[in-house]
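Chemist: Got a sequence here, can you build the structure:
(one chain, ligands or ions: 1)
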Amino acid sequence: MARSAFFLLLFCATNASLVLLYPFSLARLLLVAVLYALGTGVMLYLLFHPRNQWLVSNRSQVEQDGCIALTFDDGPDPVDTPRLLDLLREKNVKATFFVVGQRADRHPEIVRRAWEEGHLIGNHTWSHPPLFCFLSPRRLRSEIERGAECIGRICGVRTRYFRSPIGLRHPLLRSVLQEAGLEYISWRIRSCDTMIRNPNFLARRILSNVASRDIILMHDRLPKGTQVTLEILPGIIDELKERGFEFVLAGSRETVHGHADL
Ligand SMILES: [Zn+2]
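Modeler: Got it, this is the predicted structure:
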């Protein structure tokens, strides 16, 4: 809570610095510009950096050496997610899916299939609000709780893992995740599959950056489809297996209350 209070103080102080403009002079304008830029810069870093630990503790690596965790956000998609699940089954690879509650609610059979095939399901909020860092405390709680409830209803177990939309932080995220019993999972490798449409470039970007224990961020639902990801994934899996890496889940399938098969 102290960190949330400090963040609020920083927000207020940054905006309050504008009063120093009065009475106006060039020197005061420069001073305010520096203070405002500094305060805003620190706030943006705290809210946007995916591995920043200050507003919420998070993990961007798996524990086991020689392992890699593939994570897929924003699904399920009625077409692309089953295709991805087929591919993962063919390659005998388990992955982690951070699902959006509303979409999981529309396609529960896909989420259930992923869970039953040994993948891990994490909470990616109920509706994937793009301005996650500006949500009211009530909406923040409801986005996280509804997402968790939906996964529990579908899989029969309560997920222990959470990732926010676009990796954005919220000043109250630490306490809300603690209340909900959720751990924040970030990533070391951002594939940029949301932007890169060239398959070779996307594959190279992943393969040239990946290292032991990395968690990789990809998507199983994109506005333009995930054809590029589906096209390069078999090659990426083969190449990483050849390098000696093993694919693991980003967390454990055991629930807080006991074994996963409740
Ligand atoms: Zn997302």
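Chemist: which other residues reach stretch 236-254?
Modeler: 59, 62, 64, 66-71, 91, 93-96, 118-120, 122, 160-161, 183, 185, 203, 206-207, 210, 212, 215, 260 (Cβ atoms under 8 Å, 6 or more residues apart in numbering). From N, CA and C alone the C-beta is placed, and that goes for glycine too.
Chemist: List the buried residues for that stretch?
Modeler: Using 16 or more other Cβ atoms under 10 Å as the test for burial, stretch 236-254 gives 236, 237, 240, 245, 247, 248, 249, 250, 251, 253.
Chemist: Equivalent analysis for stretch 199-218, please.
Modeler: By neighbour count, with 16+ other Cβ under 10 Å as the criterion, the buried positions of stretch 199-218 are 202, 203, 205, 206, 210, 213, 214, 215, 216, 217, 218.
Chemist: and which of these is nearest to residue 146?
Modeler: Nearest to residue 146, judged by Cβ to Cβ, of the buried residues of stretch 199-218 is residue 217 at 23.0 Å.
Chemist: and the closest one, what is it in contact with?
Modeler: 71, 73, 187, 189, 190, 191.
Chemist: Tell me the confidence at the nearest residue to it once chain neighbours are set aside?
Modeler: The spatially closest residue to residue 217, leaving aside those adjacent along the chain, is residue 187, at 3.9 Å (Cβ to Cβ, 6 or more residues apart in numbering). Each residue has a pLDDT score; the one for residue 187 is 97.
Chemist: among the buried residues of stretch 199-218, which are within reach of the ion?
Modeler: With Cβ under 5 Å from the ion as the criterion, the buried residues of stretch 199-218 include none near the ion.
Chemist: Next, give me the two most distant ones among those.
Modeler: So, these by Cβ to Cβ: farthest apart are 202 and 213, at 21.6 Å.
Chemist: So which residue is dead centre in the protein?
Modeler: residue 163 (3.5 Å; Cα atoms, centre = their mean).
Chemist: now the residue nearest to it when sequence neighbours are not counted, what's its secondary structure?
Modeler: Excluding the flanking residues, the one nearest residue 163 by Cβ to Cβ, 6+ apart is residue 98, at 4.5 Å. Using DSSP: H, G, I helix; E, B strand; the rest coil, the structure places residue 98 in strand.
Chemist: how about the helix or strand harbouring residue 114: buried residues?
Modeler: In this structure, residue 114 sits in helix 108-116 according to DSSP states H and E. Within helix 108-116, the residues scored as buried using 16+ other Cβ under 10 Å are 108, 110, 111, 112, 113, 114, 115.
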